[in-house]
Structures are given as structure tokens and as C-alpha cells.
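A.B. asks: Dropping the sequence and predicted coords here.
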Amino acid sequence: MHLPPSTDARDTPWHALSAGEALQRLQTDDRHGLAHAEVARRLARFGPNRLPAPPRRPAWLRLLQQFHNVLIYVMLAAATVTAALAHWIDTGVLLGAVIVNAIIGFLQEGKAESALDAIRHMLSHQATVLRGGERQLVAADQLVPGDIVILASGDKVPADLRILTARSLRADEAVLTGESVPCDKDEAAVAADAALGDRRSMLYSGTLVAAGTALGTVVATGTNSELGRISTLLAQVQASTTPLLRQIAQFSRWLALAIGLFVLATFAIGVLWRAQAPADMFMMAVALAASAIPEGLPAIMTITLAMGVRRMAQHNAIIRHLPAVETLGAVTVICSDKTGTLTCNEMTVQRVVTADHVIEVTGSGYAPQGGFLIGGVPITAQEHPALQSVAQVALLCNDATLHDGPQGWSLTGDPTEGALVTLALKAGLDATALHARQPRIDAIPFESEHRFMATLHHDHAGHAVILVKGAPERVLDMCNAQRQWPADGAGTDAPLQHDYWRRAANDCAARALRVLAIAIKRVPAQQHALQFADMEGGFTLLGLLGSMDPPRPEAVAAVAECQAAGVRVKMITGDHGETARAIGAQLGIGLGRPALTGAEIELLDDAALRDVVASVDVFARASPEHKLRLVQALQSRGEVVAMTGDGVNDAPALKRADVGVAMGRNGTEAAKDAAAMVLTDDNFATLGHAVREGRGIYDNVRKFILFMLPTNGGEALIVFAAIAFGLLLPLTAAQVLWINLVTSSTLGVALAFEPAEDDVMRRPPRPPQEKLLSGLFAWRVLMVAVCMAAASLGLFLWELSNGAAIETARTMAVSAVVVMEMFYLLNSRHIERSVLSREGLLGNPKVPLTIALCALLQLGFVHLPWMQAVFGSTDLSVQEWSRVLLAGLAVFTLAELEKAALRRWRARRAHR
Ligand code: ATP
């Protein structure tokens, strides 16, 4: 039989075939999956399971688009006019400026785009498959038709699948059908002419498993999938703009308008009042407009954001939505999951409580090394049937497996369950033999909502049992008996002693242990399916297990750092209140305050919750709906909330939070889809670091604007003042263009690479409504612009009055502006802190580097004969150069003095 070629696969009505037929056509089987050699063959034939990248703008088009800009049109028009007047040098300079501007814009845009691209591709998608008889995790793009895929709630469907078996399966197919309510799915074939939305027996690539579990076989991959056909890919490309970028883009438009008017005024004053030659004034007006209008601003801002995003990615935080970068800097509350984020997620059972004994378990981690103690005295599991029976159920009602590899023992599956496998191995049980003796017939998987997992087993002697493990209060409610093991042997059932078990559970919880209760129920041998109704009673409690999940040491430090930064850390966990409080105390969260449980949250209405939420830091037994309510309550208090989550049901809370944060390792695809940021190491410390970076990035944006505005403004001011006061022009039009080329687009870019300042996490969060351009901004811009203009103009006039030639005075004025900008770049590294330190001057190697480059260009401008011919510059003597440097130093000193005064003023205000 032939495997259908890829094109035929499209026409096969997989949804109308039975599961068996589908398997047959695909030449695969649902117990072993494909053999590895066959996978390789099919991969070669069908290609990787990937959709082609959306077409990018070709480079030539991007370059051409740089010329599509009003400013460039004006400069080109000016070049034509100067050419008509036969001012060839001016024409050349203008055309040179146009070309260099376009190239710089092209490079900047390219850099911004590729930085964004790199970020987009960072999250790879994986799938669990059955190959060669083994379960394994593979990259989703390696799937081939015939692969057997295992899916659970929250997974993203990796290819088009024909469902083989399904349990309570529902899929969210909004990407494909637009239908926002998840639809039910099962393995029964449907009519061949069923519409896409009615094909219940299929799961489609790109959709999400909203609930339940499934086993399916791949029928179409890559472009052959339904998603590939309709190619909704464009819709998935994320917008690469942010509120801040929009604010800046709008600001630059206003600024451009203002500068346009200013330039017109300068032209009018020059021609009408000061009787300057209109041709010269025209050229000057064009040069001024070209230099003062910050056309590169949005691109440089994007680079700043993208650089920061890249730095975050190096530290395991991947930004999915660019705006989150800014919001991170303003976060006031972090709501974090406990397990795995604040703790190591490496569970070890430390205590087993049976009806007769409290048994301590030694050893740590997943390695099955350790033993059992009662009252400090070692015992063996063989002598304790109670311990054995608990361990057996813990091993059977379990989906985790442990592997003994070269790097020690490793786990596949849920750590809570992994700890139970280790316990069973310590008790000397053999997992394979046990599973063979009592095969699993059906199961209800664990979900945070119902907090238990149950399995149905048949042995070969005609007995059937339901095994359950879960949160004690849930399991205790199912039980009416407990098993006791008198010293001489056989276990007997006795009435349940609620108080004994409650106390034992609380005692474990107070020691920061996660508690699971284990119970069993006999059922008729005919029962082959497990329903929720089966869980309502009749169970016999076997014991309790207490597992330790120690806090991550780095999380303890990160929590303290966040708190010092004015960011409140709240812990939201599914665990028991006492366990949560005990772990919280170890982490420094909610010290001395009571914990609030999910049940208590339900008793509060929104207004009451809003009042309570401020004073509580630990939320226990909370489920995803509680998370959503907590986010809303905090937001209604004006807080900016970051919320972590991993499950499919966390998605609404993640979407609602100001920064939704999903876990990269243990998180579901649904959570990642809803989140703005993904932590690839699931670690709280990474989140703390991201807040730090977020603040740093916002600072860098401010630093760049604080650098650019006064330098552009200073230049314009020099020319304006000279014209208004009827002085000789200190800069020619060509020289204005030169300054623009050599400084404005190059120097400032270095600030995009600034690392976050040391004290960013010692400041309170930025008020979310804070305007980028505050009073401080206006003052600083004005002060520096006036200083620069005064220094340069002053130097020019002084040189003239001392008998210098106009060329020399102009060369000095130009050099002074360039040198002042170099010095001011150093000042701009810190907005308020001094830069008079080794770190301040050299902390960002890009800054001295760009300054050196700029200095070389300026030396060329002054001393190269052909530059002198083009720009009308002349050689400067050492004394003249020193005066130029002095001007730069003066601006540097003044800016530092201003910062010192500002710091004093702030300190005094804080004191009062
Ligand atoms: P956090 O919110 O801090 O990450 P969590 O989400 O891990 O905590 P849940 O997984 O919802 O919390 O667990 C809640 C409770 O459910 C646990 O305290 C435990 O009693 C029980 N439980 C956890 N995992 C399992 C499992 N695999 N099988 C049975 N019961 C479990």
C-alpha cells in the first residue's frame, strides 16, 4: 500500500474515515508510532512541518523608501535650485547629505527589523510523540504524516491530526473558524461533507486544546495543513510598535512642524529684515530643517527597544509583545505562581503518614537513594505493608517516569508525581512489573480545578480498583474509611478519623510540605470507564504524603530586590494555605500576614476584594478564575500588574494583566499565546531581572531624547541668533549639514547599548501616567541648547574680534559644536547621576568608540585639503584646538553641575 502523496492527503476525507482506517492509510500504528527510519524517510519526502515565512520587504525597496520623505524632497528640490544657480559645491553637499541620510536610515531600519525578527523566532514549539514505541518530545517542525501525537489541555495542536482517542476533549479553533467558544471533539467519524468547524474527529494545526486529552495521528503538515492553506500567518505577526514609540512618532511630527515654522521664520527674518541674500538664506533654511528635524528618531527608538529585548532574551526572558518592555519598567505588583517559579519544582517526599505511623523519608532529589525512619529508627518498607500500599498507589496513579542518565536522575512529567516514583523506588517497588500486574484501563487526569488524579485498574484475577491521589481536603471528602495495619498482618478498614488526618495534614503543611492524600476503592470488574460520579464516595484512605519543594535561592534574593524597588511581590498558589504561608515566609513574602484562600476570595465581592487585596500577599488554594479577579482588583487600585501563569485556564488572567508572563518550560502553549513575555527558565529571578531591564530600556529612551533635542536645538539656535542679531553667520549651510551627518545620527545610537544603571532597582516604579517629556526634560533641553549656542557663538565672535579670518572662526565654531556634542554624550549616560567615575566614562564601550570615530571625522573636516575645499574649513593650530576643547569641557562641567544641583534638590525634598 502506498502512503498518499502530500497533494492527495488534502483530498482524503480523514474526518470521515474511522480511526483504524486512517491509521491503515498512513501505515502507522497507535501503540508504537512510526519507526525512526520511517520518520526520516517521510521527513525527506514531505519536508519539515513549517509554514513559509511571510514575505519581507526586499532590501532595494527598503532603500528606495528612505527617499520617500518630505525632508528628502525638500533637500532634492534645494539641490536642483542650487544646481540651477551653478552653486556646484552646495549641490554636492546636499546630494551627499541626502544619500548619507538614506543609507543611515536604511541601516538603522534594517537593524531594527532584524532585531525584531530574531525575537519573533525565539520560541520554538514542541510536541509529544510516540516513535519507536517510546514517548518523546520533538520539535514540532519535525513531525511527519503518520506520527502519533499525544496532547493535553493547553497544548497547541502541532499539525492536522485525525483523533484516535479522546477524553473530555475540547478545542479552541478561533484561529481557523473564528468561533471563540471551544468545540467538543471525539474520535467518531463524521460525514464526508462536514464543514471545517463540524469535523469533530479532527484537530487542526495552530488551534489550542482547551480541555481534556487526546491521541491523534498526523494527516497533514506544513503548507498542506488547513492553517497552511488559509495562511493566517500574517495575522500572527505582532505589531512592532508600542505606546511609547507612538508617542515619540507623534512628538517627532509636531517637532518637525515646529522646526519647519522656525526655519521659515529664520528665512523671513534673514531676507526681509536683515537683508541677507535670498539664495544663501534658502540654502541655510534647507540645511537647518535637515539637521534639526529628528527624522531618525523612531528608528533609533526601535533599536533601543530591540537591543533591550535582546539583552532580556539573553537572560531567559522573551518578549512577545514589544509594549511589554515599557510596561515592565512601570510594574508595581508582581503576582507570581509558587511551584517552579519561586520554588525549584524538584519535589521530594519527606513524610508518609499512615493510620498508625508517621514515617520520615530520607534522601533528596529524584535519585532513589534514602530510606525510612519511624521515631528516628530506620525501618524497611517490606516490614510495613501500610507504607507499601501507599507507595504502590502512588506509583500506579502516576504519569511521571524517571531515567537514570549520565547526569543523574531526570524526570519526564510532573514533579509532584516524580517525587512519588522516587518514593516507590525507595520502597523497593518495580514500576514495570506493577504496571503489568495492574494495567490502567482509564484515568481522570489531574487538573488544578479539581485537584486530584484518579485511575482505574484491573488485575488479572478479575478485580478492579479506582486509585486516587490529590489535595487532602478533596480526597478526605471521598473517603468514609481508613485502612489500618495491625502489627500482625492483614489490613482492615476502619471508620475514618477526620481529626487525625486533618491534624496530620496541617502539621505537614506547617513544615512547608505539599500534601497529597492517597485512597482506593474497589469497583465491579465490569467497570471499564471512569467518570466524575465514581469519585463521589466510598473510598478508603491509605495515607498522606508530604513533599518538599525548596525555594529557589536566587528567587529569595530577587524578591528582596523587587521589594526594595517598590514592587510588591504576591504569591498565588494552588497549594494549601499553611504550606503557602510557610514557603512564603522562607521567601520573604507576606511575613506576619495571614494568607487568603480561594474559598475566601469567593466570599468577597469585587469591592471587598479590592480593599483586602492590598494587605494580603499570599493567596492559597487559588484557581485561575481567582487570578483573574485578583488582577482586576489590583488594577482597580491603580496598580500595574505582572502576572505569571502556566495553565490553559490562566490565559484570561495573563491577557488581562498589564504584563502577562508565561512559563517556557512547564507552561502550556495556551498560556504562552496569551502572555506578553515568556520566561524560558520558569524562574522568578528572571522576572525580577526583566523588570530591571524594562526600567533600563525606558531610561535609555529618555537618555537618547535628552541627548538629541538639545544638540539639534543648539545648532538651530546659533544660526537663528546670528541672523536675528545681524551678525556674520558662524556656520555655513554646508557646515550645518556636516554637523548633522557627523553627530546626530551616529553619536546618540551608542546610548541604545547602555546597560541598566546600578540604582534602577532602588528607585520606586515610574508612575504609569508619567509623561516622557516632563518639566525636567524641558529645562535640561533648554539649558544645554542655550549653553551650546552661547559657547559656539561666543568663541566665533571672540576669534573674529581677535583678528582671526572668518574661515578660521567658522571652523572653530563647527568644531566646538561637534566637540560639545561628544562631551555631552558622556553626560547623557546618566540622567541624574554623575558620570565622573571610571564606570561613568567607560562603562559603555560604545560611547568612547563612537566619540573616537566622530573625532576622526572632525579632524578630517579640519585638516584634509579636499574637505577644506568642500566645506570652506581651514587648519587649526594647537592653541585654537585647545580653545575648542575648552568649550566642550565647559558644557560637560556645566551639565554635571546641573545634575549635582538637581540631586541636592531632590535629597532635600525627600528629607522634608
Ligand atoms: P502554583 O500555583 O504555586 O504553581 P500549583 O499550580 O502547582 O501551585 P496545583 O498544581 O494546582 O498547584 O496543585 C494544587 C494541589 O493539587 C496540590 O497542593 C496537591 O495537593 C494537588 N496536586 C498537585 N499535583 C497533583 C497531581 N499530579 N496529582 C494529584 N494531585 C495533585
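C.D. replies: Received it, and whenever you're ready, just let me know what you need. Numbers count the residues shown, from 1 in each chain.
A.B. asks: Doesn't Pro298 lie inside a helix?
C.D. replies: Yes. Judged by DSSP: H, G, I helix; E, B strand; the rest coil, Pro298 forms part of a helix.
A.B. asks: Now for it, how many residues are close by?
C.D. replies: As a burial measure, Pro298 scores 19 neighbours (other CB atoms under 10 Å). All C-beta atoms are positioned from the backbone trio N, CA, C, and that covers glycine.
A.B. asks: now do the same end-to-end measure for stretch 861-877.
C.D. replies: Taking CA to CA, to the nearest Å, the first and last residues of stretch 861-877 lie 14 Å apart.
A.B. asks: Just give me how far it sits from the chain centre.
C.D. replies: Stretch 861-877 has its C-alpha centroid displaced from the chain centroid by 51 Å (CA atoms, centre = their mean, to the nearest Å).
A.B. asks: Just list the residues touching the residue of the chain found nearest the ligand, thanks.
C.D. replies: Taking CB to the nearest ligand atom, the ligand has its nearest neighbour within the chain at Gly574, 2.4 Å off. Gly574 sits next to 339, 448, 451, 620-623 when contact means CB atoms under 8 Å, 6 or more residues apart in numbering.
A.B. asks: Out of these, show me where the pLDDT dips lowest.
C.D. replies: The lowest pLDDT within the contacts of Gly574 belongs to Ser448, which sits at 80.
A.B. asks: which residues touch that residue?
C.D. replies: Residues in contact with Ser448, defined by CB under 8 Å, 6+ apart, are 574, 623-624, 647, 649.
A.B. asks: most neighbours, which of the residues you listed?
C.D. replies: Busiest of these [other CB under 10 Å] is Gly647, holding 25 neighbours.
A.B. asks: Pick out the residue closest to the middle of this structure.
C.D. replies: Met677 (2.3 Å; CA atoms, centre = their mean).
A.B. asks: ok, back up a step: now intersect the contacts of Gly574 with the strands, please.
C.D. replies: Among those, the residues falling in strands (DSSP state E) are Ala620.
A.B. asks: out of the contacts of Gly574, which is most surrounded?
C.D. replies: When the contacts of Gly574 are compared by neighbour count (other CB under 10 Å), Ala622 ends up highest, at 27 neighbours.
A.B. asks: The nearest residue to that one once chain neighbours are set aside: neighbour count?
C.D. replies: Nearest residue to Ala622, sequence neighbours excluded (CB to CB, 6 or more residues apart in numbering): Gly598, at 4.4 Å. Burial of Gly598 is recorded as 19 neighbouring residues (other CB under 10 Å).
A.B. asks: residues contacting Gly598?
C.D. replies: Per CB under 8 Å, 6+ apart, neighbours of Gly598: 619-623, 626.
A.B. asks: Just the pLDDT at it, thanks.
C.D. replies: 91.
A.B. asks: do Ser124 as well
C.D. replies: On the pLDDT scale, Ser124 gets 63.
A.B. asks: Okay, now the unreliable bits of this structure?
C.D. replies: Along the chain, the model assigns pLDDT under 70 to residues 1-10, 53-56, 108, 111-124, 230-243, 295-296, 299, 488-489, 744-745.
A.B. asks: where does the residue of it positioned farthest from its centre fall, helix, sheet strand or coil?
C.D. replies: Here the chain reaches farthest from its C-alpha mean at Gly803, the gap being 62.4 Å by CA atoms, centre = their mean. Judged by three-state DSSP, the three-state class of Gly803 is coil.
A.B. asks: Then Arg50?
C.D. replies: At Arg50 the chain is in coil, as set by three-state DSSP.
A.B. asks: Could you number the chain from 57 rather than 1 from now on?
C.D. replies: That works, and once the first residue is 57, the last one we named lands at Arg106.
A.B. asks: how many neighbours does the residue nearest to it when sequence neighbours are not counted have?
C.D. replies: Using CB to CB, 6+ apart and skipping the chain neighbours, the partner closest in space to Arg106 is Asp197 (4.6 Å). By other CB under 10 Å, 19 other residues sit near Asp197.
A.B. asks: State whether Ala727 is indeed within a strand.
C.D. replies: No. Assignment of Ala727 by three-state DSSP gives helix, placing it outside any strand.
A.B. asks: For it, which non-adjacent residue is spatially closest?
C.D. replies: Ala718 (4.1 Å).
A.B. asks: looking at this, that neighbour is in a strand?
C.D. replies: Yes. Applying three-state DSSP, one finds Ala718 inside a strand.
A.B. asks: can you count the residues close to it?
C.D. replies: Counted with other CB under 10 Å, residues neighbouring Ala718 total 30.
A.B. asks: Okay, and the beta partners of it?
C.D. replies: Applying DSSP bridges to Ala718 gives these bridge partners: Gly701, Val734.
A.B. asks: I'd like the distance between it and Gly234.
C.D. replies: According to CB to CB, to the nearest Å, Ala718 stands 24 Å off from Gly234.
A.B. asks: same question, Gly432
C.D. replies: For Gly432, the distance to Gly234 (CB to CB) stands at 65 Å.
A.B. asks: If we only consider the contacts of Gly654, which is nearest to Asp240?
C.D. replies: Within those, proximity to Asp240 (CB to CB) peaks at Ser679, which comes in at 22.5 Å.
A.B. asks: Around the ligand, pick out the residues from the chain.
C.D. replies: Proximity of the chain to the ligand, by CB under 6 Å from any ligand atom, involves residues 393-395, 470, 472-473, 502, 504, 507-509, 525-527, 570-572, 629-632.
A.B. asks: re earlier: assign a three-state SS to the residue of the chain closest to the ligand, would you?
C.D. replies: When the rule is three-state DSSP, Gly630 gets the label coil.
A.B. asks: now swap in Gly593 and tell me
C.D. replies: Going by three-state DSSP, the secondary structure assigned to Gly593 is coil.
A.B. asks: Verify the stated contact: it with Met534.
C.D. replies: Yes. Using CB atoms under 8 Å as the test, Gly593 is close enough to Met534 to be in contact (6.0 Å).
A.B. asks: Which one's more surrounded, those two?
C.D. replies: Taking other CB under 10 Å, Gly593 and Met534 do not tie; Met534 has more neighbours (22 against 10).
A.B. asks: Leaving out chain neighbours, which residue sits closest to the more buried one?
C.D. replies: If the residues on either side of it in the chain are set aside, Met534 comes closest to Phe595, at 4.4 Å by CB to CB, 6+ apart.
A.B. asks: list the contacts for Pro471?
C.D. replies: With CB under 8 Å, 6+ apart, Pro471 has these contacts: 395-396, 401-403, 456, 605.
A.B. asks: actually Ser466, not the one I wrote
C.D. replies: Counted by CB under 8 Å, 6+ apart, Ser466 has contacts 422, 458-459.
A.B. asks: would you say it is within a strand?
C.D. replies: Yes. Assigned with three-state DSSP, Ser466 falls within a strand.
A.B. asks: Just list whatever residues bridge to it.
C.D. replies: His459.
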